[in-house]
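[1] coordinates only, sequence not included:
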């Protein structure tokens, strides 16, 4: 299994990515590209990439507060959470998450509907979305042949369950639209969107040599029915 350091990829301008993440972290966060239904909501989606091509990103999941952070090593910057995990806070160890781009129906601020791209977040565990989708993939050899319904029940961290079920009826998305949406989904682009949603905790020094840490304060993904600029 790859480590966070091995998962580093090149970016055209890493500093711009980090400046954007820093701006969002200090302002209280931005609307997220991570797909997250509300309690009782069901979202129809079409997955644009197979699980064998999904983008795996190492994340720090923080149990005591309702957010997580991308590992700084994914962006080539010093990661405070990795340093703390190495020093003994083992719960802060980074874990792999898979992000699959999906076509969804979105609505802008004027009420106009269109097709947008959002990210379906998967992580390992019993009865997780990953486990359910992986079984479907193992049985059918693809997750891109049908639409799925992604639903949520519950609003708290402990009583919330997510379901994803195949829709056997014809897709609501036109094939040409799906092809166009899928063509622009690169691992670097997906990684940038995840970094915007969940900025890292960056360790370093200030102008006089004192140790500093900038932590993210972005809560987990905003609702799917809020307007988000195109991917």
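    Cool, got the structure. Remember, predicted model here, so these are calculated numbers, not experimental data. Numbering: from 1, shown residues only.

[2] by contact count, what packs against the strand ranked longest in the chain?
    If you go by DSSP state E, the chain has its longest strand at strand 95-107. If you count contacts as 3 or more CB pairs under 8 Å, 6 or more residues apart in numbering; DSSP states H and E, strand 95-107 packs onto strand 42-47, strand 55-62, strand 113-123, helix 175-183, helix 187-197. Backbone N, C-alpha and C define where each C-beta goes, glycine included.

[3] quick one, which of these is nearest to residue 147?
    Within the helices and strands packed on strand 95-107, the stretch nearest residue 147 is strand 42-47; the backing value is 5.1 Å (CB to CB).

[4] For the closest one, name the packing helices and strands.
    strand 95-107, strand 113-123, strand 147-153.

[5] please redo it, this time with the cut-off set to 6 Å
    With contacts taken as 3 or more CB pairs under 6 Å, 6 or more residues apart in numbering; DSSP states H and E, strand 42-47 sits against strand 95-107, strand 147-153.

[6] and the gap between residue 134 and residue 150?
    15 Å (CB to CB, to the nearest Å).

[7] which of those two has more neighbours?
    More crowded of residue 134 and residue 150, by other CB atoms under 10 Å: residue 150, with 22 against 16.

[8] so where's this protein uncertain?
    For the chain, the stretches flagged by pLDDT under 70 are 1-31, 63-67, 107-109, 156-159, 203-231.

[9] circling back to that earlier point, turn the helices and strands packed on strand 95-107 into TSV, including mean neighbour count and distance to residue 91.
    TSV is the format used below for the helices and strands packed on strand 95-107 (neighbours: other CB atoms under 10 Å; distance: least, CB to CB, whole Å):
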stretch	mean neighbour count	distance to residue 91
strand 42-47	20	31
strand 55-62	21	8
strand 113-123	20	15
helix 175-183	13	36
helix 187-197	20	21
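
[10] For these, give me TSV that also has distance to residue 104.
    Below are the helices and strands packed on strand 95-107 laid out as TSV (distance: least, CB to CB, whole Å):
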stretch	distance to residue 104
strand 42-47	5
strand 55-62	17
strand 113-123	5
helix 175-183	10
helix 187-197	14
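
[11] quick one, which of the ones you listed is nearest to residue 165?
    Nearest to residue 165, of all the helices and strands packed on strand 95-107, is strand 42-47, at 9.0 Å by CB to CB.
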